[in-house]
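>>> Sequence and predicted structure are below.
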Amino acid sequence: MKASIRKNDILLIAGLLVVAGVLALVLTLSRRDGRMVVIRYGSEVRGQYALSETLIVPIENGQGGENILHIEKGVVWMEEANCPDKLCVQQGKIKYAGESIICLPNAVVVEISGNDELALDGVTN
């Protein structure tokens, strides 16, 4: 039996492409620029820095783990890590509110906040 594309198949594909395009546009336009970089080790806040600063921040977890965070020109990235997989380094640069870099082996979370103040979460409320 030979498979053929019918008119309804083309309409379905076109409709899905339009919906995907609209969703991508909405997500892109709703992004907010970040203002603060919040560094956490477990549930403890280890540092909070303005995204506009230029800094290299060493992050030690007290158990032999170390990460080197780089903040420059409104973007943040994990420059180095002594964890085995280095996924946090490979993640690349972040700059929008809500984005994060997570190093599970070293229990380090770097978050971008859209506010100048430290955001409260469900644990700290």
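Cool, the structure landed.
>>> All the strands of this protein, residue numbers only.
Listed from the start of the chain, the chain has strands (DSSP state E) covering 36-41, 44-50, 55-60, 66-72, 75-81, 100-103, 108-113.
>>> List the contacts of the last one.
Outside of strand 108-113, the residues that reach it under the criterion CB atoms under 8 Å, 6 or more residues apart in numbering are 34-41, 51, 59, 61, 65, 67, 69, 76, 78, 88, 94-103, 119. Quick note: C-beta positions are derived from backbone N, CA and C, even for glycine.
>>> Parallel or antiparallel, which strands does it pair with?
For strand 108-113, the paired strands and their directions (DSSP bridges) are strand 36-41 (antiparallel), strand 100-103 (antiparallel).
>>> Out of the ones you listed, which gets nearest to Leu23?
Closest of the strands paired with strand 108-113 to Leu23 is strand 100-103, at 21.7 Å (criterion: CB to CB).
>>> Mind putting the strands paired with strand 108-113 into JSON lines with distance to Ser4, mean neighbour count and mean pLDDT?
Output for the strands paired with strand 108-113, formatted as JSON lines (distance: least, CB to CB, whole Å; neighbours: other CB atoms under 10 Å; pLDDT from 0 to 100):
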{"stretch": "strand 36-41", "distance to Ser4": "55", "mean neighbour count": "20", "mean pLDDT": "93"}
{"stretch": "strand 100-103", "distance to Ser4": "47", "mean neighbour count": "20", "mean pLDDT": "94"}
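>>> Please render these as CSV that adds distance to Ala24 to the earlier fields.
Written out in CSV, the entries for the strands paired with strand 108-113 read as follows (distance: least, CB to CB, whole Å):
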stretch, distance to Ala24
strand 36-41, 26
strand 100-103, 21
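>>> Could you work out which of these reaches nearest to Gly15?
Distance to Gly15, taken as CB to CB, is lowest for strand 100-103 among the strands paired with strand 108-113, at 33.6 Å.
>>> Tabulate the CA atom coordinates of that closest one in CSV.
Backbone C-alpha positions of strand 100-103 (Å, rounded to 0.1, in the frame of the first residue of the first chain) are rendered in CSV as follows:
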residue,chain,number,x,y,z
SER,A,100,19.9,28.9,36.0
ILE,A,101,23.1,26.9,36.0
ILE,A,102,23.1,23.8,38.2
CYS,A,103,26.1,21.8,39.3
